[in-house]
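Visitor: coordinates only, sequence not included:
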């Protein structure tokens, strides 16, 4: 496998990790502002990227929010976001 | 009939990070030439000149989704014979069956392993030419 491939993957993984916190926060603000469609688009991105960059717990937590967003109550969603924030912190701490 | 070597892949994905990962996987691991487009309209505009042998598309995209993008790409005479594959995070049976009913050679699950993706695609390409 070419070293360039691994180097570029690592750079993308780091960029993902660097923006994760901000993106999760932004999705939560969109939810609280009542813009569920915009929150769903961002959460869908987070779920996909997290899976691709080897953060399955983040991907799973975001996937759960994605399922809840169309009809879930605000309390359920806030709780699901807490899980996502915790998963994100754990993923960032395990970042090489 | 043995398959001609697969060289050129047209790829459509709206998420810039996933697009980049897939592109470097296909180019650096697989050695393919890739035209990576961020939406269906760009793929329709640039696809014919690139003359791809295979089309790979995400399913869930704003504006034009994957199935619609592929349907319109294959209306172009240059692209009509291209086998096509979809990437999806929603691997429910019903959705996979609907994509296959459209004629997809395969439906690949997201997330995927970028180190293995090129081999998977080569296997599918060869299976299309048996």
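Guide: Nice, thanks for sending it over. Bear in mind the structure is a predicted one, so any value in this text is a computation, not a measurement.
Visitor: please tell me I have it right and residue B:82 contacts residue B:8.
Guide: No: using Cβ atoms under 8 Å, residue B:82 is not in contact with residue B:8; the gap is 9.6 Å. For glycine as for every other residue, the C-beta is placed from the backbone atoms N, C-alpha and C.
Visitor: have a look at the two and say which one is more surrounded.
Guide: Between residue B:82 and residue B:8, counting by other Cβ atoms under 10 Å in any protein chain shown, residue B:82 is the more crowded of the two (22 against 14).
Visitor: which residues are common contacts for residue B:82 and residue B:8?
Guide: B:52-54 (Cβ atoms under 8 Å, 6 or more residues apart in numbering or on different chains).
Visitor: so which of the residues you listed is the most crowded?
Guide: residue B:52 (24 neighbours).
Visitor: that one in helix, strand or coil?
Guide: At residue B:52, secondary structure determined by DSSP: H, G, I helix; E, B strand; the rest coil is coil.
Visitor: so what pairs up with the residue nearest to it when sequence neighbours are not counted in the strands?
Guide: Leaving out its chain neighbours, the residue that sits closest to residue B:52 by Cβ to Cβ, 6 or more residues apart in numbering or on different chains is residue B:10, at 3.7 Å. On the basis of DSSP bridges, residue B:10 is bridged to residue B:35, residue B:55.
Visitor: pLDDT score assigned to residue B:10?
Guide: At residue B:10, the model reports a pLDDT of 98.
Visitor: let me see the contact set for it.
Guide: If you count contacts by Cβ under 8 Å, 6+ apart, residue B:10 has them with B:34-35, B:37, B:43, B:47, B:50, B:52, B:54-56, B:73, B:79, B:82.
Visitor: just the element for the closest residue to residue B:76 other than its chain neighbours, please.
Guide: Leaving aside its sequence neighbours, residue B:76 sits nearest to residue B:48 (Cβ to Cβ, 6+ apart; 5.5 Å). Using DSSP states H and E, residue B:48 maps to helix B:40-50.
Visitor: what's that helix packed up against?
Guide: When contacts are defined as 3 or more Cβ pairs under 8 Å, 6 or more residues apart in numbering or on different chains; DSSP states H and E, helix B:40-50 sits against strand B:8-12, strand B:33-37, strand B:54-58, helix B:66-73.
Visitor: ok now the first one, how far from the chain's centre?
Guide: Think strand B:8-12. Centre-to-centre, strand B:8-12 and its host chain are 6 Å apart (Cα atoms, centre = their mean, to the nearest Å).
Visitor: that one: what's the following helix or strand?
Guide: By DSSP H and E, the next helix or strand past strand B:8-12 is helix B:16-24.
Visitor: done for today, thanks.
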